[in-house]
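Novice: Any chance you can model this:
(one chain, ligands or ions: 1)
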Amino acid sequence: MGGGPRTFPGGLSKWQYKRMHEKLARQKQRGLLRHEKQLYLARLRSEIRASRLPAAQPPEGPTTSRAHISALADRFRRPGAEDLWNADDGPLRRAKRPPTGIPPAAKQQQQRLGSGEPRGGASWKDWEEEPALDQPRPRREAIGPGGKGPSLAAFNPRREYRTLAPWFSRWSWCPNVCHPSVVGSPCSENWPFLAGGLTKFGNGSGETALALFHQERLYSVAARRFGRKWRPDSSDEDGEAASTPKRDLRFGKFGASSDEDSDSESGHAGAIRRRWSSAALRNCDMKKERRVLKSYEEENNDFAGRIRELREEIRNREVLGTERRRYESRGESLLTSKRFDECGISPLTVKALTDAGYVQTTVVQEAALPICLEGKDVLVKAKTGTGKSAAFLLPAIESVLNAMKTNTNHRVSPIFALVICPTRELAIQLTAEANVLLKYHKGIGVQSLIGGTRFKVDQRRLESEPCQILVATPGRLLDHIENKSSFSVRLMGLKLLVLDEADHLLDLGFRKDIEKIVDSLPRPRQTLLFSATIPKEVRRVSQLVLKRDHIFVDTVGLGAVETPTKVQQSCLLVPHELHFHMVHHLLREHIDREVDYKVIVFCTTAMVTEFMYIMLRDLKLNVREIHSRKPQLYRTRISEEFRDSNRLILVTSDVSTRGVNYPDVTLVIQVGVPPDREHYIHRLGRTGREGKSGKGIILLAPWEEYFLNEIGDLPIEKYPSPDIDQEMKQKVDDSIKIVDMSIKEAAYHAWLGYYNSIPDVGRDKTMLADLAKRFGVSVGLEKPPALYRKTALKMGLKDVPGIRIRK
Ligand SMILES: Nc1ncnc2c1ncn2[C@@H]1O[C@H](COP(=O)(O)OP(=O)(O)OP(=O)(O)O)[C@@H](O)[C@H]1O
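Specialist: This next block holds a predicted model:
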C-alpha cells in the first residue's frame, strides 16, 4: 500500500481525489489556452485594423542609410539633445583650417556674402576635406590656432563635452551669443577661432557657420556609428581610443540592450540595420536586414537643404529661448498668459477647468499641450509641482473624445487612454484629478487599478462602470493583462499611453513590467512621457517607447537648477546617534515658527519610518505615517487627511516621493541618503509647489557626506548645527526606549538592506556592518540582531565581522 491518508476531504477515495485534481488541472489548462487564443485573435484583429489604416502606421519598408543617419542627426538637433551624446562617441573629424582660425566653409561663406551669393548654398565638402580614409592621419594639435585654446580638431567629446554643453545650451538660448558684443562669452574664451569666425559674420552667418559646426559634429557621430569607414581618426591625446579595439559597423546604438550589442554579425562588409518598433522593447520586435553600404558622400549631397533645416531649428530655439527668458523674468511665476480656452480643448473640459480654478495654463502646459494635442509622441521634463498632471490628462481626455466619435458599437468600451504611474497614492490622485476634468463629460469614466485591492473587485468594477481612461500601477496592471483576456482585448483600442514619472518607470526596478505591458499594447498609438528628472540613461531608453520623431519639451533647460527656486535647501551633518534627537529638534523649531506648519519627514525604509513615527508620536507631536507596510485603505485615508489639513507631520518612505500633491507643505526633512539624486529632487519637490516657497533639510551622518557631490549643483547651504539641550535629549531617549524591540530589530535589518543596495556604501561590507551597528545603537539596540543565514548570503554579508548569523 502506498503512503498517505486513505480518506480524503469530502469522503473521496485516493483515486477519486486524484482524478478530481487532474480534472481541475485540465480545466485550468483549457482556460489558459482559451485566454491565449483570445489574446492572439485580438492581436490579429488589431494588426489587420492597423494595416487598413496606413497613415497611422509607423513607416514600413527598408529605410535608406541616409534617412537613418538623418534620423539620428535629427535626434541630436532637438533642443536639449546635447545630453544624448555618449561618452564614447569619439572625436570629431579633423577639420582643415587656414591658420587664421576661421573654418574654411565659414571663410567661403564670408566671401559669398560679400559677393551676394545666397548663404544656403554652402556645401558640406566646403566645410571639411577629409584625408584619404586608409592613409595614416596626422596627429592633431592640442592647442588651437594662435596657441590660445583647444582647436576644433583637438576636441575630444569624452573630455570636452562637459565644457561644451553649457556653452552650446547658452548659445542655443541666446541668439546674440556670437555677436561681437559678447566676445568675452564662454564661446569666445573656449573656442577663440570659432567665436572669431562667427563674430566676423555677424549674427545670421554666424548661425550658419555654427550650424555647420553643429552638423559636422552630428555627422561625425552618425558616420562613426555607420561604420569604421567613417570613423574619424580615433587616436586622441592620451592614445586610449587608439589602443582600444573599436567595434565595427554597427547600428542602433540608441538603447541597444547588451545582447544586441554583442551581435556577432556586425563588423563585416554588410551592416545589420536594426529597426525598433515604437511600441515594444523586446528583441523579437526587431527586424534585421542586410544591405550594402553606400558611400557617405553619395548619400549626403543635399547640404543646402540640411542647412536650411538647421537654420529653421535654430530660429525655433531662439523662440523657445525668448519664452524661457520671459518665464524667468516673471520670477518663476507658474502661470502664463495663455488661457485654456485658447488651447483647442473641448469646451466642456474648459468649463470643468474653470470650475476647478484653472483658467491660465502653466509653463509646462503651455509648452506641452499643443504638441500633445497634435498627436505627437512627447517626452516632457518640468520641475516638480508645475502642473504636469493636467498637461497629460487633458490630451488623454481629448484622445478619448476623438476615439469615441468613431468607436460607438462596443458593448464594453475599449480603454482609450492608459496612464501608468509608480505608486498607488499617485494613481488615486490622478484618478481624482481626471474626474474633476471629466465633470461635464457624461459617459466617460476614469478608473484606477492599483495593488492592495482585491483582483475580483477590480475586475467587476472595470466591467460594470465606464472606463475609457485607466490610471494604473505597473504590477496590478500586468496582473490583469496576464490573467484576464477580456481586459487585454479592451486595451487593443488604446490610443494614448502616458508614463508619469517616466524615468522611474523605465528604471531597472520597473523596466521588466513596463516592457511586458508595452508589448501587449497596440502599436499605432501616441505615447507621452513626463517627469521632473530625466537622467541621460533613461533618456536613451525612453526612445524605445517613443516614436523616432518624438519631441522633447524641457521647461527646465540644460544646466538650469532642477529644483524650485523658492525652496530654501540646507544640509545638516550629525552623527547617527543624534539623528532622531535632531529630527525632533528641527520639528519643534519649525512648529514654533510656522503657525500653519505641514511637514513631511522622509525616511530610508518602511521599518525606519515606523520607528520614527512611534517615537515622534510618543513625543506628543501631531504625526501620521504612510509606508508600504500599511494596508492600502489606511494609506489612502492618511493621504487624504494630510492633503486636507494643516498643523500635521507626515512620516513616510519613498511611496510619497513622487508626484503626490500635498498643497502647502512648509518643510521637507530627508533623513539619511536618498537612493539617488532624482529621489532627492522629487522628495524636495513635495514643498514649493505651484511656485510657492518652502524649506528642505537633508540630515546626513558625516560618512554620508559623499552624497552632497551628487547634488553639488543645487543651491544647498550648510544648516548651522543646533545645540540640543539635555532635557530634550533625555525625552527623546525615553521615547526611543518605549518602541517595541521587534520594530527596532526590523528597522536594523531594513537599514542594512537599504544601504547594502547603495553601491557607494554596500561595496565595503565590513564598514557597512560597522555603520549598521551604530545605527542599531541609535535606535536602542545593545547588540546587532542576528540575520538569517540565507539573507546574509544573499546580501553578501556572511562571514563579515560584526554581522551575527541566526543559529
Ligand atoms: N493651470 C493651472 N492653474 C492653477 N493651478 C494649477 C494649474 N495646473 C496645475 N495646477 C496646480 O498645481 C499643483 C501641482 O500640479 P501637479 O501635481 O500636476 O504637478 P506636477 O508637475 O505633476 O508635480 P510632480 O512633479 O511632483 O508630479 C496642483 O495643486 C494643481 O492643482
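Novice: so what secondary structure elements neighbour the helix or strand hosting residue 512?
Specialist: Element membership of residue 512, judged by DSSP states H and E, is helix 508-519. In terms of contacts (3 or more C-beta pairs under 8 Å, 6 or more residues apart in numbering; DSSP states H and E), helix 508-519 is packed against helix 474-483, helix 502-505. In short, each C-beta sits where N, CA and C put it, glycine included.
Novice: tell me which residues in that helix are buried?
Specialist: 510, 513, 514, 516, 517, 518 (16 or more other C-beta atoms under 10 Å).
Novice: could you dump these to TSV with pLDDT and distance to the ligand?
Specialist: Converted to TSV, these look like this (pLDDT from 0 to 100; distance: C-beta to the nearest ligand atom, whole Å):
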residue	pLDDT	distance to the ligand
510	89	16
513	90	20
514	92	18
516	91	25
517	93	21
518	91	21
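Novice: and whichever residue of the stretch 501-650 of the chain sits closest to the ligand, what does it touch?
Specialist: Scanning the stretch 501-650 of the chain for the residue nearest the ligand gives residue 532, at 4.2 Å (criterion: C-beta to the nearest ligand atom). Residues counted as contacts of residue 532 (C-beta atoms under 8 Å, 6 or more residues apart in numbering) are 381, 382, 383, 384, 388, 556, 562, 681, 682, 685.
Novice: Distance of the closest residue to the second one other than its chain neighbours relative to the ligand?
Specialist: So the one you mean is residue 382. Of all residues not flanking residue 382 in the chain, residue 364 sits nearest, at 3.7 Å (C-beta to C-beta, 6 or more residues apart in numbering). Plainly put, residue 364 is 7 Å away from the ligand if you go by C-beta to the nearest ligand atom, to the nearest Å.
Novice: same deal with residue 441?
Specialist: 19 Å.
Novice: correct me, but that residue touches residue 394?
Specialist: No - under the criterion of C-beta atoms under 8 Å, residue 441 is not in contact with residue 394, lying 12.0 Å apart.
Novice: more crowded one of these two?
Specialist: More crowded of residue 441 and residue 394, by other C-beta atoms under 10 Å: residue 394, with 26 against 19.
Novice: Kindly calculate the angle that the longest helix seen in the chain makes with helix 474-483.
Specialist: Longest helix of the chain, by residue count under DSSP state H: helix 14-52. Helix 14-52 runs at 100 degrees relative to helix 474-483, counting by axes from the mean of the first three to the mean of the last three C-alpha atoms, to 10 degrees.
Novice: Name all residues that make contact with the closest residue to residue 753 other than its chain neighbours.
Specialist: Excluding its sequence neighbours, the residue lying closest to residue 753 (C-beta to C-beta, 6+ apart) is residue 795, at 6.7 Å. Residue 795 is in contact with 752, 753, 756, 787, counting by C-beta under 8 Å, 6+ apart.
Novice: Residue 677 now?
Specialist: Counted by C-beta under 8 Å, 6+ apart, residue 677 has contacts 533, 710, 711.
Novice: Double-check that residue 553 belongs to a strand.
Specialist: Yes - applying DSSP: H, G, I helix; E, B strand; the rest coil, one finds residue 553 inside a strand.
Novice: which secondary structure element contains the closest residue to it other than its chain neighbours?
Specialist: Leaving aside its sequence neighbours, residue 553 sits nearest to residue 380 (C-beta to C-beta, 6+ apart; 4.6 Å). In this assignment (DSSP H and E), residue 380 forms part of strand 378-381.
Novice: how many neighbours does the residue nearest to residue 553 have?
Specialist: By the measure other C-beta under 10 Å, the count of residues near residue 380 is 25.
Novice: And it, how far from residue 506?
Specialist: 14 Å (C-beta to C-beta, to the nearest Å).
Novice: Then residue 417?
Specialist: To residue 506, residue 417 is 19 Å away according to C-beta to C-beta.
Novice: who touches both of residue 441 and residue 394?
Specialist: With C-beta under 8 Å, 6+ apart, residue 441 and residue 394 have common neighbours residue 349.
Novice: does residue 699 sit in a helix, a strand or a coil?
Specialist: Recorded secondary structure, residue 699: strand (three-state DSSP).
Novice: right, and it touches residue 673 too?
Specialist: No - between residue 699 and residue 673 there is no contact under C-beta under 8 Å: 10.1 Å.
Novice: What is the burial count for whatever residue of the stretch 701-807 of the chain ends up closest to the ligand?
Specialist: For the stretch 701-807 of the chain, the residue closest to the ligand is residue 714, as judged by C-beta to the nearest ligand atom, at 15.9 Å. Residue 714 is flanked by 18 other residues according to other C-beta under 10 Å.
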